[in-house]
Every structure is written in structure tokens, then in C-alpha cells.
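> Any chance you could fold what I've pasted below:
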Amino acid sequence: MSSLSRELVFLILQFLDEEKFKETVHKLEQESGFFFNMKYFEDEVHNGNWDEVEKYLSGFTKVDDNRYSMKIFFEIRKQKYLEALDKHDRSKAVEILVKDLKVFSSFNEDLFKEITQLLTLENFRENEQLSKYGDTKSARAIMLVELKKLIEANPLFRDKLQFPNLKNSRLRTLINQSLNWQHQLCKNPRPNPDIKTLFVDHSCGQPNGARAPSPANNPLLGSLPKAGGFPPLGAHGPFQPTPAPVTTPLAGWMSNPPAVSHPTVSSSAIGLGSPSIPAALKHPRTPTNPSLDFPSADSDHMSKRTRLMGITDEVNPPVNVLPVSFPGHSGHSQAFNAPDDLPKTVARTLNQGSSPMSMDFHPIQQTLLLVGTNVGDIGLWEVGSREKLVIKNFKVWNLSACSVSLQAALVKDPGVSVNRVIWSPDGSLFGVAYSRHIVQIYSYHGGNDVRQNVEIDAHVGGVNDLAFSHPNKQLCVITCGDDKTIKVWDATTGVKKYTFEGHEAPVYSVCPHYKENIQFIFSTALDGKIKAWLYDNMGSRVDYEAPGRWCTTMAYSADGTRLFSCGTSKDGESHIVEWNESEGAVKRTYLGFRKRSLGVVQFDTTKNRFLAAGDDFSIKYWDMDNVQILTSVDADGGLPASPRIRFNKDGALLAVSANDNGIKILANSDGLRLLRTFENLSFDGSASRTPEAPKPTINALSAAAAAASNAALAERMAPVGSISAVNGDARSLPDVKPRIGEESNDKSKIWKLTEVNEASQCRSLKLPENMRVTKISRLIYTNSGNAILALASNAIHLLWKWQRNERNSSGKATAGISPQLWQPSSGILMTNDVAETNPEESVACFALSKNDSYVMSASGGKISLFNMMTFKTMTTFMPPPPAATFLAFHPQDNNIIAIGMDDSTIQIYNVRIDEVKSKLKGHSKRITGLAFSHVLNVLVSSGADAQICVWSSDGWEKQKARYVQLPPGRTPSPQSDTRVQFHHDQIHFLVVHETQLAIYETTKLECVKQWMQRENSAPISHATFSCDSQLIYASFFDATICVFTASHLRLRCKINPHAYLTSNLHVHPMVIAAHPQEPNQFALGLSDGTVHVLEPLESDGRWGVPPPAENGSTSTVPATPPAAGSGSEHPAQR
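Now for the predicted structure:
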């Protein structure tokens, strides 16, 4: 259903409600699933109309959709059951138990047994857990509070709990506008038309009795006037309310960028194209392609397809489905204990020396804090060790290159303040915007190594804000200033790319973003205007009033789906609001500000869930889905009236400006653990310093491509991105623990390869076995890091889950505690469809959704979609031939999947509408690897033909292709696979072949690093980046494991088979997987069907020591044999 059709449903709902068609209103709410009427739901629950309660819910969710839904239905049915028991209606209670509650037994059999035992009690209140159960009325009220929380947290109800803000009788108004238009088009319009029907177009009768042609069918009319352009019919129309202006959408212009300039925007709607990505995911639409016959959105088939196949990017905060934890879910009942997730404990107090004006945490090293002050100073802190790494005073780098007006201003008044500091997305650069003309861009090389990169005389007057963006795949800096302009600059050269003019007051802030591959910038000015710009020098696309006017900033949630703004008026009135982008209207306004703020309020977002603002000498927190203030903290006092704040990337730390030039670091429990790792460590930046370094190549693999002497930098700093895993999973980078002040190599010491030969030299754990499995084909950690999923060669999936307990407070995967081989109590297994041939001979592949809810998998037969919680097969599709051999989710849309086939093609498949959108041809043998880069918007593929291809993910055309260079005289085996996986910078990728490991640069498709094993050595079976892209774990067919430093592909640690294989030494690893948050943990899937987890000893903390760079040269890469007993090295074959 299109977005306009959906809005029409809302108009009908409003009309029915105004006309008092109460039952029809709720029936349409339920059947459309567009608006959940909480008031009606509450009334039905209070009245105990359980059948109607469940029927109404069924329009929005089913029992097994997700954990929240299951909990909702369980609570309702449990209450119905208890009420039957309370009335001593045992037969009714038994009926409810068998028909309604038994479905939950497959998830928690013990709980079901306990519920059943209540039948044996004279009064169920004898059960200790139900001893406080009161009367029916109070019990329903208590349950309703819980249900409302679950519904508000359930992603399926997102955007369905608030009715659009419509003017009264909006449908009547639109009909009046249509009649105005029709009447004005009459050839002989009467002054007092008598309109008696809406079934046909209106037309005043002509004098001779003829009827004027209908404007809708008259091809001679040409361009028609805009709606609302004629005087209203007034009292002569069938509906009396006067027409209302059409709201301008805030994001609609992004779908169809106009080809002409729009310096200003009229009150009419700007774009009615397809909705932005988040809207499309939340409200799947029937395609409008006239050549294809699709079922309607309300048909049973589409309803099922949308629910089962529309895999949304919902972020599910863990929550127990039932009061007693299901196996594998214990310890995760945090969903409604929100304040514990927030940083509220003062963990550090720092003194900057001057008053902080702007702060920003490093995107990778999340304890590095950049600070800009009111006297132009820049500070860089390692907040873990409380060490100030860098202090730089303001200085114009090249005064002679600056404008005369700046030189004159500095002579008159040399005082300069920092307005904004910010890191680039990969942390290799940071920008500083000053109150006088200037923007300075520094490059960061680790430790205290900060270098001047480019200085820009950007604006006349102050530079009020600065941001980094990637328009046209090029890193740029966006600035705005007192001269009422926004400008875009090349971040490397400082060359100006765009200038946006149109604001009538100084521009206060900028907020770049992108949706559906359309990049744009929001800007706010001191007159309260919000404008939006595309990178085309063609004027602003929207023009809105910001709540609070004056000083307003805007920010998206981390997942880019929700837009917020925070503004303070000249009178001190502050507002935080969430915007409805599709309608250009304020969706919700958050409450709790001081009536008259004593300064400009700053705000920030975190975890796609919380908002924070500095106000009234404290920090105030809100849940994004609740307008009421969640909590506030004063950070032990000493805060200014409107403190400046900044979260680190994972939301575990919050930097807050304090009085007397102070900075307070607030932490939650995860943040406190993070800081403790630095407690007694002094940050050592010496390893990453070099005497002379060229200007940074923005997209280089850290700095390894520039100089091998920068190896320590590459070890410490890897840009942010998503991992397109070798196992076929496309996931967003979760919270990766930072590496602790790594690896200062003392050149006076002789480096020696670390070898792990015995079980006592590392931590290894063999996971519980399944006797039906003979060989592990695919292996992956879940994105949460608390489970491992394996696919065996006989098409069976295995899932191991770690429990949260006293020995494992995090609940994450670890080699120290054995997990549970998890399975629903129903006993079903996730088993793939298999072809008629032996499944052991088929190629297995799978991909995991970002929220760990679904796995898509194939073992030579149809592709299956499984629910990870129930193990149920949601659907199967694409029967062979050809068979699928590799799967990868699109990084921006979980409904798009790239499927590699055994006939050498790649099919781009839209899951939601069950359609192949494109078929890519370029390989000559089966596809063995796929990886997406969301930075470059490309798909990289590899095949059994040892060829690598790069495809545009915009139009799916092939950009480049190259064969992997094999050693002279070496012929790969027929079953040889070539795998690809992107580095965090999303520019470079790892190539894994049985003969070699290699790092390629994507845009040129050039090999920048290569490692080859010696001839006659065991081939490589598999390899993968560590979660931070600083290590590469490689397994070999002789059961050896090698750990490489990724920046220069040199061996640093070798793990021999005896270290983890205690008995059968005739097995070898088939696949290797890296933990998503622990850089030093990996898992092995072996040829005997077992899985092992390995970690270094706690006393070591890492796998070996990185070798020294080879004379600063990067022209050759040493190749160390994996099976050799010494650390001898030989030149790589290139």
C-alpha cells in the first residue's frame, strides 16, 4: 500500500470517529494495522473482553513475532486463566490451559508445568509468586501497566501508537478543495451550485442543458491549477470546514530530487515519491510496477509475506518473554530498567585549563576525548588513564594565506573560541571550527601524534558548526557560519566543492545524512529556519520553523531512522522534539525543561533509545518513545547552568562540562569496566610516532599503505564500518572493546614469533557435541556475542548459548565457561532443505540478520528462513537448480539479499516482494564469497574461478574485475574457495585463498599486501578479520592456526594443534569465526563436527607481539610458513 493510500486510511478513521461509527473505527484500525488505539485496548482489558483484546492485537502482531509479542499474549492469557481459577471454574481454566497457554510450553516447559499445578490448589494464591494477587480489577490494572510498556517497546508497534496530528474534518476539507477545483473548471460556473452527489465529478449544467466535460478526462486542459488555488465554495459546498493548507513533507523531497532550482518552497506538498528507507521497512508496500501482478496488501498472502519475510532492522533490547527465563535468555530482563543503562556515575574528573565548549569521543578508541575550549585550545584526553595526550593553543598556520578581514580582526582582537570539534567517521582526522573565519583539519596517528592537515578560511565571521560527510564517496567537511552560508570542502585538500545560500540569518548548525542513497544536509539558522540541501547547488528543498527558534541543533538516532532537534529561544525556552520526516511535522515534544534555561541547551542521542540534554545544572535523560523525563543527575554538583555533553559511541560514557574548567566523565557499568582496564596504564603513544609522515590518505588502510613504520597506528586505529563477514553475515559493528595502549615495540629487543604448543598456554573450550553432526561447514557468532551458530555438512544447525551468571556477568561467549547446546523444548532442529544428492557434497551457506532474530540458510536445496528463537521454518524459496552457494544481506536494507549461485551468477533478491531484482554475470565458476561496502556502495564477489569482481550496489553494473595472482606453478584444487571480507574502513578487503592471504584496495582493485605460504605447506582452509580488523585469524589443513597483524600481514603468533586438540589429531578446522566484540577470541569449526573457542591466557591478554616493520618498507611482505617451527621469513611472491 502506498504512503498516500495509508494516509487515506487515517483520514477515513478520523471521519468514522467524528461520525461516531465506533465499532467500524476499531475494526478498520485492526484490519489495517496502521494505528493501535491504546485507549480502546485499555478499556477492553479493564472490561475483561479477552476475545476482543486478542482479536484487536492480531491486526498488529502474532504470538511468535518476537519476544515482546509473546510476552504480551502470555500475560493476557495468564490473567484469563487466573480469573477462571478465582471463580473456581475449573473446566474453563483447563480449556484456557490447553487452548491458549500450551503454546508457550515449547519455550519454557517448567513454567507451563508450574501453571498447570495451580489447578491442584484450592486457592492459587497459595503459590508464593501469586500470594500478592488481589482482586480482579486491581490485577487487570497492574497487568495493563506491563502490557503498555511491552507494546511501547515492541518494534512492530513503532509509529502506530500516535494518531497523525490532523485538523478536524480533514477528509471533508480535501473533498471541498476538490469540488472548488471542479467547479472552477466549469465552462459556465453558477454562483450557487447545487452539489448533490460525490459519485461523479461536479459540473454546472450549461444553458442549453449540456454538461461540461469532466476535467479528469479532458485531454485539452493542459496544466491544471494547484489545489487550493481557487476561492472556496463556502456555504454552498456539502462540507462546511474551510480548506487547510497542505503540509510540506520534511523528507518527501529526497525521493524525487527536482531538476530545477527551488530557492523557496510553497505551502504545497513537495514530493510524493517513495518513502524513505525506514518507512519502507516499517510499512512494506505493494510494488507499483504495472507489468507485474502483485497481491493486494490486505490479502492473506501479502499479510503473511510481510510478517514472515519482511525482516526489519528492529533493535530488540533483551527482555524475558516469561516471568521465568527461557533457556538461553536468562539474565536479560533489562528492557524496563532503563536508568541502569545510562551513564550516571562520576568516574573521572579532568581539568582542561580553560572552559570546554565542544567535546567528541573517538569513534574507535572510545576512551579518547577531544575537547575545544573558549580560548581556542584543543585538548586530547585518554580518560581511562586520566592522561592529557595533546594540548594545542590556537594559532593560524598560514596567516599570509588568510583573508584581509581575518588578519585585521585578529590584530584588533586576538581572542578566539572553539565552536565545534568533531572526529571523522574513521577517526583518522578531526576538525575544529573557530569563532573567527577558520576551520583547521588535523590528522591523528595514534597516541599523541597529531599533525596539521589543512587550514580553511571558511566564513566571514564565526564558523558555527562543522561535520564530516561522504558525498559522491569522497570525504568532505561541511561548515556553516555567520555569513549565512553553508559550504562543503574536500577534507584532504581544502578545496571548496559547494556553497549553499538561502538563509537570512547566521547559520547555527548542520546535520548531514543520507537515505536511499540520497545524501543531504539539514541546516538551522538563528532566525529559527530549518532548510535542507542536496549536493547540487540548486537551493533549499524545505523551509520550516524550528521549535524554540534561535539556537537549534539537529541529530539522527544512531541507526539513522529517527530525527530530533533541540532548540533554545532568546527567552530561554528550550525544546527537544522528534520529527515526522514524511509529514514535516513535530511527532512528539519532550517535557521536563526548566521554564527559563540559563543558557543554550545542548543535547545528544545514544543507543537508538535515549536522549540527554544539559539543563538546570544537571543532565536530563529521556526515553525516545516517552515524552516524560526519565531521570536526571547532577553529577555530584559543580555543573554550569547548561552543561555541554557528549556520549561515546556505545553510550557507556558521557562527557559533561563542569565549572572551573572541568570535565566530568559519567559511566554506566560497562563504562566503569572499560575505564578500569586503563586504571594503572599510561597511554603509550611512542609506538605510533614517526619522524616524518606524508599527509594522510583518507581512505588508506589505517596508515599501513603510507608507511610500514606506522604499523602500530594500524594496530590501534581501525575505521568504523560494518563487517561483511567471510561467513556471509552483513552486520553493523557492535561495541568492540578497545585495545589497550598496544604494542610499543622496543627495537632494542629481538622479536620472536610467539608459539602456542600446549593447552596450558592458552584458553580453549570444546563446545558440547551433537552426535548427529560429522563436519562443520559454516560458523558465526551472533551479533550480541552471547552465542555461536554453526551449520553442519548434513544441513543441521547448532546453536550454543552462554548464560549470564555469577561466573559470567556479561553473558558473552567465553572459553572459560561451557555454553548450552540450545534447542526448543519441542525438540525441533533447524534443518535445511536438501537436494536429491548427498547433502555432504553440497555447498552450505548462511547469513544472520542484524538483530539475531532470523537466519537465512541453504545446503544445496531451497533457501530457508528460520526464526532463531523458535527454530521454526518461516519460509523456503528459490529451489535449485541453480543452488545457492553464498548469502549476504544488504547493509542498508535487510530485505535485499545478494545470493551467489553454483551456476556462477549472483542474484539480487528482494525478500519482501519475492522478486529477483537483478542477475549479475561475470564469474565462470560458482560464487564463493560476497561482501558489501556501505561507504563505497559496492558489492565485492569472489568465485571458485579465483576471480574478484566489484559491482555497484546502485545500478548493479560491474565496475572492475581481477584474478587472484597465484604462485608460479601452483594450480588450485577444484574445490578451492576464494573468500572476501571488508576491513572496518570499508575501503580495503581481505581475500582468502588456499594459497594466500591478501589485502586489496577496492576502488582500484589493487593488491596492497600479500602473504603466501610455502610450497608443499598445508593449504589455508579459512581466515577472518578480528572484530576490530587489527588481526587476521587463519586456519590450515594441518590444524595449525596462525594469527597475523592485519596492517602488514606478518605472522605474530602460531597455535599448534596440540594446544586445542587433545586426542584426534587427524581433524582440521573447516571454518574460523571472530567474536564480534572481543578482538582476541575466535572459534573453530572442525572436520569432525566439533566447535572450539580459543582465547589467550588472561595474563597475556593478546595473541603474541606484532613483529617490527621491515625497514619501513612496504614493497614486500614477509611470508612465514604456517607449519614451520621457527620464525624464519622469506620475501612474498607478488
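> what are the bridge partners for the closest residue to Arg644 other than its chain neighbours, then?
Counting by C-beta to C-beta, 6 or more residues apart in numbering, Ser657 is the residue found nearest to Arg644 once chain neighbours are left out, at 4.2 Å. C-beta coordinates here come from the backbone N, C-alpha and C atoms, glycine included. Ser657 has these beta-bridge partners by DSSP bridges: Ile663.
> do the same with Leu798
With DSSP bridges as the rule, Leu798 is bridged to Ala790.
> where exactly do the helices run in the stretch 351-500 of the chain?
404-412 (DSSP state H, counting those that start in this stretch).
> wait, I meant the chain
3-18, 22-32, 38-46, 50-58, 67-86, 90-96, 109-117, 136-153, 170-184, 277-282, 300-309, 404-412, 669-676, 711-716 (DSSP state H).
> looking at those helices, which is buried most?
helix 711-716 (a mean of 27; mean count of other C-beta atoms under 10 Å).
> What average pLDDT does that helix get?
The average pLDDT within helix 711-716 is 35.
> Low-confidence bits of the stretch 901-1050 of the chain, can you list those?
Residue ranges of the stretch 901-1050 of the chain with pLDDT under 70: 970-975.
> before we move on, what about the stretch 201-350 of the chain?
Looking at the stretch 201-350 of the chain by pLDDT under 70, you get 205-340.
> one more time with 90, if that's ok
201-342 (pLDDT under 90).
> dump the residue contacts of Trp533.
Ile486, Phe500, Phe520, Ile521, Ser523, Gly539, Ser540, Arg541 (C-beta atoms under 8 Å, 6 or more residues apart in numbering).
> hmm, try it at 7 Å
Ile486, Phe500, Phe520, Ile521, Ser523, Ser540, Arg541 (C-beta atoms under 7 Å, 6 or more residues apart in numbering).
> okay if I get those residues as a markdown table plus neighbour count and distance to Leu429?
Formatted as a markdown table, these follow (neighbours: other C-beta atoms under 10 Å; distance: C-beta to C-beta, whole Å):
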| residue | neighbour count | distance to Leu429 |
| --- | --- | --- |
| Ile486 | 25 | 20 |
| Phe500 | 26 | 22 |
| Phe520 | 22 | 22 |
| Ile521 | 24 | 19 |
| Ser523 | 26 | 22 |
| Ser540 | 24 | 28 |
| Arg541 | 24 | 29 |
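> Let me know the closest of those to Phe593.
Ser523 (23.7 Å; C-beta to C-beta).
> Just the pLDDT for the closest one.
Taking Ser523 on its own, its pLDDT is 92.
> can you check the one 5 residues further on too?
According to the prediction, Gly528 has pLDDT 86.
> which residues does it contact?
Contacts of Gly528 by C-beta under 7 Å, 6+ apart are Glu545, Ala546, Arg549, Trp550, Thr552.
> Neighbour count and distance to Lys570 for these - can I get that in JSON lines?
Below are the contacts of Gly528 laid out as JSON lines (neighbours: other C-beta under 10 Å; distance: C-beta to C-beta, whole Å):
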{"residue": "Glu545", "neighbour count": "11", "distance to Lys570": "15"}
{"residue": "Ala546", "neighbour count": "26", "distance to Lys570": "13"}
{"residue": "Arg549", "neighbour count": "21", "distance to Lys570": "8"}
{"residue": "Trp550", "neighbour count": "20", "distance to Lys570": "5"}
{"residue": "Thr552", "neighbour count": "27", "distance to Lys570": "12"}
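> quick one on the thing from earlier: tabulate the helices of the chain (CSV), appending distance to Ala944.
Below are those laid out as CSV (distance: least, C-beta to C-beta, whole Å):
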stretch, distance to Ala944
helix 3-18, 44
helix 22-32, 49
helix 38-46, 55
helix 50-58, 48
helix 67-86, 40
helix 90-96, 57
helix 109-117, 46
helix 136-153, 46
helix 170-184, 59
helix 277-282, 34
helix 300-309, 30
helix 404-412, 61
helix 669-676, 43
helix 711-716, 31
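> Between those, which one is closest to Pro880.
helix 300-309 (19.6 Å).
> still on that earlier bit, the helices of the chain: which one's closest to Tyr514?
helix 277-282 (9.6 Å).
> if I look at Thr524, how far off is Ser565?
7 Å (C-beta to C-beta, to the nearest Å).
> Sketch out the low-pLDDT regions of the stretch 351-500 of the chain for me.
Along the stretch 351-500 of the chain, segments meeting pLDDT under 90 span 364-366, 384-386, 394-415, 426, 436-437, 445-448, 460-461, 470-474, 492.
> which residues of the stretch 601-750 of the chain score low on pLDDT?
For the stretch 601-750 of the chain (pLDDT under 90), the answer is 601-610, 614-617, 623-627, 630, 641-642, 649-652, 668-750.
> how many neighbours does the closest residue to Gln182 other than its chain neighbours have?
Counting by C-beta to C-beta, 6+ apart, Gln182 lies nearest to His202, which is 4.3 Å off, once chain neighbours are set aside. A total of 25 residues lie near His202 under the criterion other C-beta atoms under 10 Å.
> Ile195 is in contact with His202, correct?
Yes - counting by C-beta atoms under 7 Å, His202 sits close enough to Ile195 to count as a contact (5.7 Å).
> what's the overlap in contacts for the two?
With C-beta under 7 Å, 6+ apart, His202 and Ile195 have common neighbours Leu179.
> Spatially central residue in this structure, please.
In the chain, the C-alpha nearest the mean C-alpha coordinate belongs to Asp559, at 4.0 Å (C-alpha atoms, centre = their mean).
> Compute the distance between the residue lying closest to that residue once chain neighbours are set aside and Met624, please.
Once flanking residues are discounted, Asp559 sits nearest to Asn608: 5.0 Å by C-beta to C-beta, 6+ apart. Distance from Asn608 to Met624, counting by C-beta to C-beta: 8 Å.
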